[in-house]
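kindly generate the corresponding structure for this input.
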Amino acid sequence: MIRKIGTYKQRAYGLLAITLFILLACFSYSYFIRAEIGYLQDKILRNESILKTIFEANMELLQAESAERGYIMTQDSLFLDNYEDAQFSFHSNLTQLGKLTAALEIRKDLYRELDSLGQARIHYLNKLIRTNDEQGETAAKELIQAGLGKHLMDLYSQKSTEMAGLTIKKNNKNKAELARMLFKDLEITIAVGLIAILLILSLFVYFFRSQRKIAEYNEQLEERNKELQQFSYIASHDLKEPLRMVKNFLGLLEKKYKGRLDNKADTYIHYAVDGAKRMQLLIDDLLEYSRVGRSESQKEKVDFGTILNEVQKNLSALIAQHEAVIHIDSKLPEVSVFRLEIIRAFQNLISNAIKFHKPGIPPEIHISCVRKKSGWLFSVKDNGMGIPEQKRKEVFNVFSRLHSNENYPGTGIGLAISKKIIERHGGKIWVESQNDHGSIFYFTIEKSA
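Residues are numbered from 1 along each chain as shown. The predicted model follows:
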């Protein structure tokens with residue numbers, strides 16, 4: 001099942017990687033297309049500016065010619081002012097046209113010819129005005145009839161038309177290319193959108209399948225855990241009766257034949273009785289471990305000060321035997337918990353703190369609580385032997401023991417039971433310790449535990 005879930009994740013990540021690669025390629029190509037679109041738009045705007053400037057230059061040249069003729073025919077200085085204004089505007093348009101075509105090979109050459117013809121035409125008009133002013137209207141009309149002005153105007157119009165035609169042709173080509181690029185950009189945008197939609201749908205499908213498989217796996221795992229707990233409970237429970245019989249008969253055997261056999265026999269009987277007793281303790285603790293989480297009792301809101309008072313009563317004999325001193329914070333919270341289980345967790349922690357005290361030094365235990373954002377942090381601090389760093393995680397394992405059974409009897413299940421209880425309440429438990437400098441056991445209980 002885990003392999004299948006991993007396979008789904010690998011497929012999802014592979015699909016995501018491929019899709020991201022395709023999207024990156026699309027975005028890169030789109031960036032190139034957008035740059036080309038910008039370049040074509042600039043060319044179209046420049047061509048339109050060229051056409052506009054050619055048109056305005058032609059209009060100003062015609063305006064100058066009309067003003068020149070009006071002046072010759074009427075001798076009115078107002079026409080002369082109009083001529084000078086038109087001439088200035090014509091020169092300005094030619095200068096602007098030169099800037100617009102400076103980087104265009106063919107039209108740059110056409111501009112030089114157009115500028116030369118335009119200047120020649122203006123020079124001719126200036127000559128007509130001077131002739132009119134110096135020699136009179138008749139001389140000016142004779143100069144007009146010579147046809148040079150018409151010839152220059154025809155040549156200028158021809159070059160102007162040629163440049164405008166070439167510009168229109170270039171512009172139409174650019175517009176066609178722009179339309180093609182815009183269509184490509186639209187295609188890419190649609191493709192990216194479709195890929196994004198497919199990616200979202202695919203990830204949704206893979207996520208749904210993975211969640212379904214995880215749910216099935218969790219259900220199977222929960223069922224197996226229940227089966228294991230049921231098995232351990234039944235096995236431990238069913239072992240108690242034959243073990244009690246073995247223990248009782250061994251006790252009778254020891255009572256009746258102790259001292260009547262040789263020393264070896266007495267030793268063997270003693271070992272057998274001691275082993276049966278330890279087996280009894282082990283089975284009792286296994287039953288206790290299997291019962292955690294099996295209780296059908298409901299959570300109840302309890303005062304942890306009251307809980308610890310009850311724990312001290314339960315451990316009163318052990319506390320008195322070792323002259324232990326227990327300090328408890330005056331303000332402890334009220335939390336909704338499984339009361340008996342929390343009592344058992346505290347009993348395990350406090351009894352361990354008393355049991356593993358330093359020789360000749362009375363145990364001193366401090367119990368405190370701090371409010372956290374998500375709940376409460378409890379600590380049980382002692383002045384005992386401490387725990388080596390490499391053993392701190394192992395102490396919460398089932399049957400984990402740091403000392404020999406002769407010096408410190410027990411089964412090594414107490415802290416495992418406490419861990420299971422705390423985790424059932426949505427919390428965590430850990431220890432901070434230095435060898436020969438005592439230990440601090442921390443555990444959390446969620447606000448909504």
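
okay, strands next: where are they in the protein?
Counting by DSSP state E, residue ranges of the strands within the chain are 300-303, 325-328, 334-337, 364-371, 375-382, 429-433, 439-446.

how about those strands in TSV, adding mean neighbour count, distance to residue 109 and mean pLDDT?
In short, each C-beta sits where N, CA and C put it, glycine included. Below are the strands of the chain laid out as TSV (neighbours: other CB atoms under 10 Å; distance: least, CB to CB, whole Å; pLDDT from 0 to 100):
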stretch	mean neighbour count	distance to residue 109	mean pLDDT
strand 300-303	12	97	89
strand 325-328	14	102	92
strand 334-337	17	94	89
strand 364-371	16	88	92
strand 375-382	20	86	91
strand 429-433	17	87	88
strand 439-446	20	86	90
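
how about stretch 107-115: buried residues?
Neighbour-count burial for stretch 107-115, with 16 or more other CB atoms under 10 Å as criterion, is recorded at 107, 110-111, 114-115.

tell me which of the residues you listed fall in helices.
Secondary structure assignment by DSSP state H places 107, 110-111, 114-115 of the buried residues of stretch 107-115 in helices.

distance of the residue sitting furthest away from the middle of the chain from residue 132?
Distance from the centre of the chain peaks at residue 138, with 91.5 Å (CA atoms, centre = their mean). Distance of residue 138 to residue 132, computed by CB to CB, to the nearest Å: 9 Å.

low-scoring stretches of the stretch 151-300 of the chain, by residue?
224-244, 246-247, 249, 261, 275-297 (pLDDT under 70).

any chance you could map the helices in it?
263-291 (DSSP state H, counting those that start in this stretch).

cool, the stretch 301-449 of the chain as well?
So, for the stretch 301-449 of the chain - with DSSP H, counting those that start in this stretch - the helices run 304-314, 316-322, 339-355, 414-424.

got the contact list for the shortest one?
Which is helix 316-322. When contacts are defined by CB atoms under 8 Å, 6 or more residues apart in numbering, helix 316-322 is touched by residues 312, 324, 326, 351, 354-355, 357, 362-363.

thinking again about what came up before, for the strands of the chain, give me JSON lines that also has distance to residue 173.
Formatted as JSON lines, the strands of the chain follow (distance: least, CB to CB, whole Å):
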{"stretch": "strand 300-303", "distance to residue 173": "84"}
{"stretch": "strand 325-328", "distance to residue 173": "92"}
{"stretch": "strand 334-337", "distance to residue 173": "80"}
{"stretch": "strand 364-371", "distance to residue 173": "77"}
{"stretch": "strand 375-382", "distance to residue 173": "74"}
{"stretch": "strand 429-433", "distance to residue 173": "76"}
{"stretch": "strand 439-446", "distance to residue 173": "73"}
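
pull stretch 255-268 out as PDB, backbone CA atoms only.
Presented in PDB, the C-alpha positions along stretch 255-268 are these (Å, rounded to 0.1, in the frame of the first residue of the first chain):
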ATOM      1  CA  LYS A 255       7.600 -23.700  51.200                       C
ATOM      2  CA  LYS A 256       7.500 -27.500  51.500                       C
ATOM      3  CA  TYR A 257      11.000 -28.500  50.300                       C
ATOM      4  CA  LYS A 258      13.200 -25.500  51.000                       C
ATOM      5  CA  GLY A 259      16.100 -26.700  53.100                       C
ATOM      6  CA  ARG A 260      15.200 -30.400  52.600                       C
ATOM      7  CA  LEU A 261      17.000 -30.600  49.300                       C
ATOM      8  CA  ASP A 262      20.600 -29.600  48.400                       C
ATOM      9  CA  ASN A 263      21.600 -25.900  47.900                       C
ATOM     10  CA  LYS A 264      21.400 -26.200  44.100                       C
ATOM     11  CA  ALA A 265      17.700 -27.300  44.300                       C
ATOM     12  CA  ASP A 266      16.900 -24.400  46.600                       C
ATOM     13  CA  THR A 267      18.600 -22.000  44.200                       C
ATOM     14  CA  TYR A 268      16.700 -23.400  41.200                       C
END
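
show me the protein divided up by domain.
Per automatic domain parsing, the domain ranges recorded for the chain read 2-208, 297-446.

neighbours around residue 215, how many?
Residue 215 has 10 neighbours, counted by other CB atoms under 10 Å.

how close does it sit to residue 207?
12 Å.

and what of residue 127?
Taken as CB to CB, the span from residue 127 to residue 207 is 88 Å.

likewise residue 157?
Residue 157 is 73 Å from residue 207, by CB to CB.

these two: which is more packed in?
Set residue 157 next to residue 207 and count neighbours by other CB under 10 Å: residue 157 wins out with 16 against 13.

from residue 119, how far off is the closest residue to that one other than its chain neighbours?
Using CB to CB, 6 or more residues apart in numbering and skipping the chain neighbours, the partner closest in space to residue 157 is residue 58 (7.7 Å). Using CB to CB, residue 58 is found at 15 Å from residue 119.

let's have the contacts of helix 316-322 in a markdown table, adding distance to residue 385.
As requested, those are exported to a markdown table (distance: CB to CB, whole Å):
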| residue | distance to residue 385 |
| --- | --- |
| 312 | 22 |
| 324 | 14 |
| 326 | 18 |
| 351 | 15 |
| 354 | 12 |
| 355 | 10 |
| 357 | 7 |
| 362 | 14 |
| 363 | 11 |
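
buried subset of those?
For these, buried by 16+ other CB under 10 Å: 312, 324, 326, 351, 354-355, 357, 363.
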